[in-house]
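Q: model the following, please.
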Amino acid sequence: MLNTAIVGAGPYGLSVSAHLRSSGIPFRIFGRLMDSWVRHMPQGMCLKSDGFASNIYDPHAAFTLEHFCAENQIKYSHEGIPVRLDTFAAYGQAFCERMVPELEDKLVVNVERLRDGFELRLDDGEKFTARRVILAVGITHFQYVPDVLAHLPEEFLSHSFYHHELDQFRGRTVVVIGGGASALDLAGLLQEVGAKVQLVSRRQELKFHSGPSSKPRSLWRRMRHPRSGLGPGMRTKFFSDLPMVFHYLPERLRLEAVRRTLGPSGGWFIRDKVIGKVPLLLGHTPERAFVQDGNVHLRLRARDGSERKIQAEHVIAATGYRVDLARLKFLSHEIRSEIRTVDKSPVLSTTFESSIPGLYFVGVAAANSFGPVMRFAFGAGFAARTVTKAITKSASRELAAVPVASVATTAD
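A: Predicted coordinates for the structure are as follows:
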């Protein structure tokens, strides 16, 4: 029986794999390499995270984004130079080749629970068993579309997750719904490719991260607003650097913090592509949507109760992601029904293990347990170290429990 199977090949899956490999833990990892970044984010966008916070993690920090950029003569700075999407995707490819050559470009289509582990079936028909399964599926299964839009036919409505190449919208009228980074990036980039785009958001005011300053920060400001992997500030420093402490907070406080912290906002570099260039309808919420004469007609309600109607050839719901384990259809019904959840997310131990022994979750699905840092690549280092330490201890106990005669027979 295999020790560990890892499902997902983004920053979290790759980081966990690199750590397990260094520790000598046998594993297999499955998934499309950097799939969300390569196929599901718009060409031309940049990461909100600074360079120092955009690494994939090996246990010795031997191959950081800075190392990759230096090797490939790409401009890099810990802060101040936005990390381009294509740079980060290429870095993931290089990290995999160097640190996780075991990656199998296959999909796990079914996971069943066994008495002492799990049975996994792949899309090529192969079946095998593993003592542990680590789910690092990222945002792939969790696209959120408001009910008021969800009934629209797919030729008229799509989620931002499904748009990498935007040239198909050149010359077309498009409404983007949302006020976060995905919505702002899409609106700005759609405008650049020649789409007739309009942004609708329930937010009264769009928020953008602060841009870099040429002035050195005073000691007092550095103390009050320390740098962190999630941005400057004492609160973000706590969420960034102390996920284990976050885990011990009362559940109510944790859930509230995840809901309220690091809300919708765009990178400082996208502001000039949106403000003054993309028509904005702020403080408006869609109340009704229907198709008529080849267009989507939207009825919007403003904060003051007034109504407005707009129409477009296509609507993109850049409305974010909500973890819901019921949407992980590759997990058996038994697993999905028995796993303990809160707010549709798994309840996790201090080692990222769910209520089903041997089943682990890392990444966005772990946010309610370890904080907002799990929604960003920066959290992958902590997750990889913590899970690897736990699995190494378990593997040692399992080996110690094997009778000496059995070990000798196996060695023969």
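
Q: what about stretch 363-371, start to end distance?
A: Between the opening and closing residues of stretch 363-371 lies a distance of 10 Å (CA to CA, to the nearest Å).

Q: touching it from outside, list them.
A: 8, 10, 12, 135-139, 142, 239, 243-244, 246-247, 254-255, 257-258, 261, 321, 323, 325, 342-343, 345-348, 352, 374-375, 379-380, 382-383 (CB atoms under 8 Å, 6 or more residues apart in numbering). Using the backbone N, CA and C atoms, a C-beta is placed for each residue, glycine as well.

Q: sort out which of those residues are buried, if you could.
A: When burial is judged by neighbour count using 16 or more other CB atoms under 10 Å, the buried members of the contacts of stretch 363-371 are 8, 10, 12, 135-139, 142, 239, 243, 246-247, 254-255, 257-258, 261, 321, 323, 325, 345-346, 348, 352, 374-375, 379-380, 382-383.

Q: those residues in helices, which ones?
A: With helices taken from DSSP state H, the overlap with the buried ones among the contacts of stretch 363-371 comprises 12, 239, 243, 246-247, 254-255, 257-258, 380, 382-383.

Q: report the two of those residues separated the most.
A: For these, the maximum inter-member distance is 22.2 Å, found between 255 and 380 (CB to CB).

Q: where do the helices sit along the stretch 51-200 of the chain?
A: With DSSP state H, counting those that start in this stretch applied, the stretch 51-200 of the chain shows helices at 65-71, 85-99, 147-150, 181-192, listed in chain order.

Q: just send those back as a markdown table, with mean neighbour count, distance to residue 1 and mean pLDDT too.
A: Output for these, formatted as a markdown table (neighbours: other CB atoms under 10 Å; distance: least, CB to CB, whole Å; pLDDT from 0 to 100):
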| stretch | mean neighbour count | distance to residue 1 | mean pLDDT |
| --- | --- | --- | --- |
| helix 65-71 | 17 | 36 | 98 |
| helix 85-99 | 19 | 25 | 98 |
| helix 147-150 | 13 | 42 | 96 |
| helix 181-192 | 24 | 41 | 95 |
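
Q: closest to residue 31 out of these?
A: Smallest distance to residue 31 across those (CB to CB): 10.4 Å, for helix 85-99.

Q: now the angle between helix 181-192 and the closest one, please.
A: 120 degrees (axes from the mean of the first three to the mean of the last three CA atoms, to 10 degrees).

Q: packing partners for helix 85-99?
A: Counting contacts by 3 or more CB pairs under 8 Å, 6 or more residues apart in numbering; DSSP states H and E, helix 85-99 is packed against helix 11-23, helix 35-39, helix 65-71.

Q: still on that earlier bit, can you redo the helices of the stretch 51-200 of the chain as CSV with distance to residue 56?
A: Listed next are those as CSV, based on distance: least, CB to CB, whole Å:
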stretch, distance to residue 56
helix 65-71, 8
helix 85-99, 5
helix 147-150, 34
helix 181-192, 20
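
Q: relative to residue 298, which of the ones you listed is closest?
A: Residue 298 lies closest to helix 147-150 among the helices of the stretch 51-200 of the chain, at 8.6 Å (CB to CB).
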